[in-house]
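Chemist: below are the sequence and a predicted model; questions follow.
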Amino acid sequence: MSLYIDKKFLMQASIRLQLFKQKSEYLWNCRCPICGDSKKNKIKARGYIYRRKSDLFYSCHNCGASMSFGNFLKYINRPLYDQYSLERFKNESSGNTAKPDFSMAKEKPVFHHDLKINLPTIESLPTDHPAKQYLIKRKIPRDRMKDIYFASNFKSFVLEMLPSYDKTLYDEPRIVFPFFDAEKKLLGFQGRALNDSKVKYITIKMDDDFMKIYGLDRVDLTKKIYVVEGIIDSMFLHNSIAVMDASLHKIRSILGNYDYVLIPDRDVRNREVMKNVAKMIEMKYNVCLLPNNLSGKDINDLIMTGTTSSEIMNLIDTNTWSDLRARLEFEQWKKV
């Protein structure tokens, strides 16, 4: 009954909500009335009303506001909230449902950087746990284990963090790598499958406007920045970030004009990789072309063959080129 009342008053309040529309049976979308939503794009709507058990809740993926529907209604329409509160109280008094807890939500918005990842860290797992064993075999530095998590049910975790997420997910275990901005604000996370999954990596951004870069909370922008594709690769390099795909050349437009060294995977048979490397050189980046006589295609492959991080840094620095020299080295590099 409480869900029916929530839905009834939501429909009455919807006249005050810009771009209000129903996305599914118990999911509605609108521009956030708390922060005003995007100032640049007037058609962006990042406020969501969604069902959790027998009640509705509100959250905004722009400002991070998160509260019960009752508190949300109080914010946008106090007279209507008074009617709603009375009807909920009458319903509770009649014994139809448990008394709703209107105090459960905070009056002040809760921002994304306050979101807690309610998952066990890899560090806390037993040594024989499959997730921990996977990372040990990949020779992940032990001091990074505390910053990586394990989700036994990745779908449930995603929907807990981002209730409006509507792409296909599966009830499967994944290793979770969160990524933050310089102020430790959660930007999103990447889930790596442990089992045979249709998709090995799934990257979730808390908002479409957020940067998909791992390592912003650690990088020193005043120093040389080593840019790689994969999160795990970045863990073995000094002052490194990962962009989580092959489009390394987009880093300037995303992060700004800094001193970058781009390190593409050594995958010369992949036409898309070759196209991206050519683009990096054309855009006058410093590009590292790791020697073709090395084992594996990326930094972690080298680590697993016994190459140390300091040896890899030396390889990178002695095989980084730009402009004409980069073009000449690239022509030789891609012939293998």
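Modeler: Perfect, I can see it now. Numbering: from 1, shown residues only.
Chemist: how far away is the most centrally placed residue in the chain from residue 281?
Modeler: In the chain, the centroid-proximal residue (Cα atoms, centre = their mean) is residue 188; its distance is 1.8 Å. Using Cβ to Cβ, to the nearest Å, residue 188 is found at 30 Å from residue 281. The way it works is simple: take the backbone N, C-alpha and C, and place the C-beta from them, glycine included.
Chemist: report the contact partners of the nearest residue to residue 274 once chain neighbours are set aside.
Modeler: Spatial nearest neighbour of residue 274, excluding adjacent residues (Cβ to Cβ, 6 or more residues apart in numbering): residue 334 at 5.7 Å. Residue 334 sits next to 268, 274, 277 when contact means Cβ atoms under 8 Å, 6 or more residues apart in numbering.
Chemist: do you know the pLDDT at residue 334?
Modeler: Confidence at residue 334, expressed as pLDDT, is 82.
Chemist: so in this structure, which helix runs the longest?
Modeler: Identified as the longest helix of the chain according to DSSP state H is helix 78-93.
Chemist: in it, what counts as buried?
Modeler: 81, 84-85, 88, 91 (16 or more other Cβ atoms under 10 Å).
Chemist: try stretch 199-219
Modeler: Within stretch 199-219, the residues scored as buried using 16+ other Cβ under 10 Å are 202, 204-207, 210-217, 219.
Chemist: surely the residue nearest to the centre of the chain is in a strand?
Modeler: Yes: assigned with DSSP: H, G, I helix; E, B strand; the rest coil, residue 188 falls within a strand.
Chemist: what separation do you get for the nearest residue to it once chain neighbours are set aside and residue 324?
Modeler: Excluding the flanking residues, the one nearest residue 188 by Cβ to Cβ, 6+ apart is residue 205, at 4.0 Å. Applying Cβ to Cβ, one obtains 38 Å for the distance of residue 205 from residue 324.
Chemist: output the below-cut-off pLDDT ranges for the stretch 1-150 of the chain.
Modeler: Along the stretch 1-150 of the chain, the model assigns pLDDT under 70 to residues 1, 92-115.
Chemist: helices of the chain, start to end?
Modeler: 2-13, 69-76, 78-93, 130-137, 154-161, 231-234, 251-255, 271-282, 299-304, 309-318, 323-333.
Chemist: tell me the mean pLDDT over the fifth one?
Modeler: In other words, helix 154-161. The predicted model assigns helix 154-161 a mean pLDDT of 90.
Chemist: by contact count, what packs against it?
Modeler: Using 3 or more Cβ pairs under 8 Å, 6 or more residues apart in numbering; DSSP states H and E, the elements in contact with helix 154-161 are strand 174-180, strand 186-193, strand 201-205.
Chemist: columns distance to residue 15 and mean pLDDT on top of the ones you listed, output as JSON lines?
Modeler: As requested, those are arranged in JSON lines below (distance: least, Cβ to Cβ, whole Å; pLDDT from 0 to 100):
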{"stretch": "strand 174-180", "distance to residue 15": "38", "mean pLDDT": "95"}
{"stretch": "strand 186-193", "distance to residue 15": "33", "mean pLDDT": "93"}
{"stretch": "strand 201-205", "distance to residue 15": "31", "mean pLDDT": "92"}
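Chemist: got CSV for the ones you listed, with distance to residue 6 too?
Modeler: Below are the helices and strands packed on helix 154-161 laid out as CSV (distance: least, Cβ to Cβ, whole Å):
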stretch, distance to residue 6
strand 174-180, 31
strand 186-193, 28
strand 201-205, 27
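Chemist: still on that earlier bit, closest one to residue 40 out of the contacts of residue 334, please.
Modeler: Comparing the contacts of residue 334 against residue 40 with Cβ to Cβ places residue 277 closest, at 32.7 Å.
Chemist: pull the contacting residues for that closest one.
Modeler: Residue 277 sits next to 264, 287, 289, 330, 334 when contact means Cβ under 8 Å, 6+ apart.
Chemist: how does the chain divide into domains?
Modeler: For the chain, automatic domain parsing gives the domain ranges 2-110, 113-210, 213-336.
Chemist: from memory residue 249 sits against residue 280, does it?
Modeler: Yes: checked against Cβ atoms under 8 Å, the pair residue 249 and residue 280 is within contact range at 4.6 Å.
Chemist: what bridges to residue 21?
Modeler: Counting by DSSP bridges, residue 21 is bridged to residue 29.
Chemist: again with residue 149
Modeler: residue 121, residue 176.
Chemist: do residue 188 as well
Modeler: In this entry, residue 188 is beta-bridged to residue 179, residue 205, by DSSP bridges.
Chemist: compute the inter-axis angle for the longest helix of the chain and helix 69-76.
Modeler: Per axes from the mean of the first three to the mean of the last three Cα atoms, to 10 degrees, the angle that helix 78-93 makes with helix 69-76 is 160 degrees.
Chemist: tell me how far helix 78-93 lies from the chain's centre.
Modeler: Distance of helix 78-93 from the chain centroid (Cα atoms, centre = their mean, to the nearest Å) equals 38 Å.
Chemist: done for today, thanks.
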